[in-house]
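Asker: how does the following fold in three dimensions:
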Amino acid sequence: MRFPRHPFTPSHEGSRAHRRTLSTLTLGAFLLLGAEAQAGTLYLSRLSAAEENPPTASTATGLGVLVLNDAENQSTVTATHTLGATATAGHIHRAAVGVNGAVIFPFPSPASPVGPLTWNMSTSAVDSLKAGELYMNFHTAVNPGGAIRGQLRRALLAPAAVNPAQTRLANALDISAGYDADLDAVLIQTNLADTATQSQALREFGTSTIYSAGRQQIDAMTGAETGLFAYAQDARLRPPANTDRLNTFVRLGSEFGRRSATDNQAGATISRPFVFAGVDRWLSSGAHGGFAIGYSDGRDSFENGLGHTNAKTTSLHAFASAALGGLALDAVAGYGWTALDQTRNLGSLGRAASASPDGSVWAVALKASRTVALANHNTLVPYALLDVQKATVDAYSETGAGAAGLVVSQRDTWSSAFEGGAALVVPIKTDAGHWTFRAQAGWRYLLEDGAARFGTRLAGSPIAFSTEIDGPGRSSAHVETGIDGQLSDSVRLSFGYRGDLGASAQTVHAIEARLAMQW
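Answerer: A predicted model of the protein is given here:
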């Protein structure tokens, strides 16, 4: 649900010195909360002379913090102010804004910092607190009726949420006060900011960057499958005369593109250089199989300076091809290990959080194709393929300056797709040898696109909120072009491009080169 808005916006722009003073008061309030705070709901009082009735000439300021426990019968009270030794008394009074009321909770000492103090609250006091009819007041000899005052208001982030994902996070934060001093620091600092900064904070320490780890793993394996299918198709064009010969190849290149932003994930530019080496042997004129080992170094660089994810995946693949009549079957299966490093920048809070979970991924794919002869030795190769990937990321817990960061348990991301299309193969004779040009186009439909939902929380709080990961979409165009040349009886060289062109400008391109040799 969405809570009513109680803005904590100053009535006028303060001076730079005033803002520095407020920062000092805020820091003092953070330090006071400590381990003695009780879990519950946060209320804040921004103390100033302007809120007194009547207003005073005092230039002092202050910040009061009240955390109401979940049972709503007790609170923890702290306060800081700049009155210094001039403060003669401090209390919480009962009255609405602009009205003077009776003292209902006196402070043992008005000296800053105050507390933490435990207040056993009556039902009527809690009702007044919820109605916005309690205020904090500090008195001096010059202003015995009160020098600075501030109404206690519920601290709410939900009104600043701009989408459902942020709303779920904000609602969890709005009942997470008192569990952890550092998380309370985040809550106070964010609630004292303007609405735009609050929205920025929700975007930054939310879950919009968490999806990238599993996505990088899946994309790395999908790229490997595509490359091995291309190798198998090129190899079929020139089967060896002697099946006893061993074939080796090295494949290297880079994938690059962008991911689109949604309510649940941040937009990012992506890059993934890779290198693969493999060996295979022809078992007959129509069948061969082998193994390949690969390494890719993926990176998501998030838009708006939200940070980055690095995913270094080492993978082992088995592949096989067989001709059954006029039908060619290619199969690939792989398993990968991923070392992950993720950095999230929380610019609104002046923090940066990092995590280094590990991960694993497996993938299987099957492709069927048939060669149809055309004029001038050209051929058309219709194909259909099915692939499945599953990426697992270990438990994610952030460290560093962003201690109030995400805590996520181990999670799985599934992806599967059906693709159908055709390739046009054109032989080219040159003085440098026999070359083949291939142009391929297909339509890729995601049966399972990696969308998921799981529980997440922020460090210091046991309150979980639901996190959703969006899939990249249900379909995309898959295009490839390549040229493969026979440089000698035992050496072939290939160059290629491929692209997955998805909706909302979400695209991935790849360029690669492959050198194959027979021994």
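Asker: so where is the stretch 351-500 of the chain shaky, pLDDT-wise?
Answerer: Residue ranges of the stretch 351-500 of the chain with pLDDT under 70: 400-404, 431-433.
Asker: which element follows whichever helix or strand Val65 is part of toward the C-terminus?
Answerer: Element membership for Val65 (DSSP states H and E) is strand 62-69. Downstream of strand 62-69, the first helix or strand assigned by DSSP H and E is strand 74-81.
Asker: which non-adjacent residue is nearest the spatially most central residue of the chain?
Answerer: Nearest to the geometric centre of the chain sits Thr209, at 1.2 Å (C-alpha atoms, centre = their mean). Distances taken as C-beta to C-beta, 6 or more residues apart in numbering put Ala266 closest to Thr209, at 5.1 Å, once the chain neighbours are dropped. C-beta: built from backbone N, CA, C; applies to glycine.
Asker: ok, now Val408?
Answerer: Val408 sits nearest to Tyr396 (C-beta to C-beta, 6+ apart), 4.2 Å away.
Asker: who touches the one you found in this structure?
Answerer: By C-beta atoms under 8 Å, 6 or more residues apart in numbering, Tyr396 lies in contact with 210, 213, 342, 355, 357, 406-408.
Asker: gap between it and Thr430?
Answerer: Tyr396 is 53 Å from Thr430, where distance means C-beta to C-beta, to the nearest Å.
Asker: and for Ala57?
Answerer: 92 Å.
Asker: swap in Asp244?
Answerer: 30 Å.
Asker: wait, Gly326 sits on Thr371?
Answerer: Yes - contact criterion C-beta atoms under 8 Å: Gly326 and Thr371 qualify, at 7.1 Å.
Asker: look at the two and report which has more neighbours.
Answerer: Thr371 (18 against 9; other C-beta atoms under 10 Å).
Asker: looking at this, the residue nearest to the centre of the chain is in a strand?
Answerer: No - using DSSP: H, G, I helix; E, B strand; the rest coil, the assignment for Thr209 is coil, not a strand.
Asker: wait, it sits on Leu306?
Answerer: Yes - Thr209 is in contact with Leu306 according to C-beta under 8 Å; the separation is 5.8 Å.
Asker: common neighbours of those two, please.
Answerer: What both Thr209 and Leu306 touch, as defined by C-beta under 8 Å, 6+ apart, is the set 266, 344.
Asker: buried stuff in stretch 127-134?
Answerer: By neighbour count with 16 or more other C-beta atoms under 10 Å, stretch 127-134 contains the buried residues 128-129, 133-134.
Asker: chain center to it: distance?
Answerer: In terms of C-alpha atoms, centre = their mean, to the nearest Å, the centre of stretch 127-134 is found 38 Å from the chain centre.
Asker: next one: stretch 318-333
Answerer: 38 Å.
Asker: before we move on, what about stretch 113-123?
Answerer: 39 Å.
Asker: with stretch 197-207 instead?
Answerer: Worked out by C-alpha atoms, centre = their mean, stretch 197-207 lies 12 Å from the chain centre.
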